[in-house]
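Undergrad: here is my input; please provide its structure:
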Amino acid sequence: MEQLVESIQSLGYHYVLIDCPAGIDVGFINAISPAKEALIVTTPEITSIRDADRVAGLLEANAIFNTKLLVNRVRPDMIQKNDMMSVKDVQEMLGIPLLGAIPEDQQVIIATNRGEPLVLQKKLSLSGIAFENAARRLIGKQDYFIDLNTPYKGPLQKIGEMFSL
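TA: Here you go, the predicted model:
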């Protein structure tokens with residue numbers, strides 16, 4: 001794995017992302033062997049957070065201290081009803097700097113089930129923008145987060161609010 005990463009870097013790439021297999025076993029250890037930093041992706045569910053905490057511990061045990069957190073499938077409506085942990089709660093539990101929070105997106109599920117790349121759709125999605133912003137922060141080019149607490153309002157909702165004064 002280390003030779004593979006070195007050969008890719010020799011081609012001029014500054015970042016090599018390795019998606020580790022599920023579970024913490026030999027595949028995981030092999031995947032992190034060439035790592036200098038790590039991105040831990042979790043969801044705001046307690047089982048996922050426990051796994052992320054174990055991953056963080058293994059990364060530290062393997063001298064990988066530069067880690068960042070990406071919280072995926074965030075549902076602000078559930079957070080407001082206290083049915084889901086907030087991004088801040090997840091970040092505080094893990095003690096890892098937050099790279100980004102990606103909202104749940106039905107279009108991702110639909111595109112995956114259809115086998116169609118979501119990036120080919122012309123319509124921008126909130127999750128797509130959040131991913132792009134996280135990628136920019138990863139390389140140090142941007143440091144603002146999308147507000148997931150303010151619900152999105154479509155054009156008809158905005159017009160309706162104008163007339164309901």
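
Undergrad: drop to CA atoms for contacts and neighbour counts, all remaining ones
TA: Fine.

Undergrad: poorly predicted segments of the protein, please.
TA: Low-confidence segments of the chain (pLDDT under 70): 21-22, 143-144, 147-159, 161-162, 164-165.

Undergrad: let me see the contact set for the residue positioned nearest the centre of it.
TA: In the chain, the centroid-proximal residue (C-alpha atoms, centre = their mean) is L70; its distance is 3.4 Å. Applying C-alpha atoms under 8 Å, 6 or more residues apart in numbering, we find L70 in contact with 39-42, 98-102.

Undergrad: would it count as being in a strand?
TA: Yes: judged by DSSP: H, G, I helix; E, B strand; the rest coil, L70 forms part of a strand.

Undergrad: list just the nearest of the contacts of L70 to L17.
TA: For the contacts of L70, the minimum distance to L17 (C-alpha to C-alpha) is 9.0 Å, reached by L39.

Undergrad: assign that closest one to helix, strand or coil.
TA: The three-state assignment at L39 reads strand, by three-state DSSP.

Undergrad: look up how far A111 lies from it.
TA: Applying C-alpha to C-alpha, to the nearest Å, the value for L39 to A111 is 24 Å.

Undergrad: the two: which has the busier surroundings?
TA: Between L39 and A111, counted using other C-alpha atoms under 10 Å, L39 has the larger neighbour count: 19 against 14.

Undergrad: pretty sure that one is touching F65, no?
TA: No: contact criterion C-alpha atoms under 8 Å: L39 and F65 do not qualify, at 10.8 Å.
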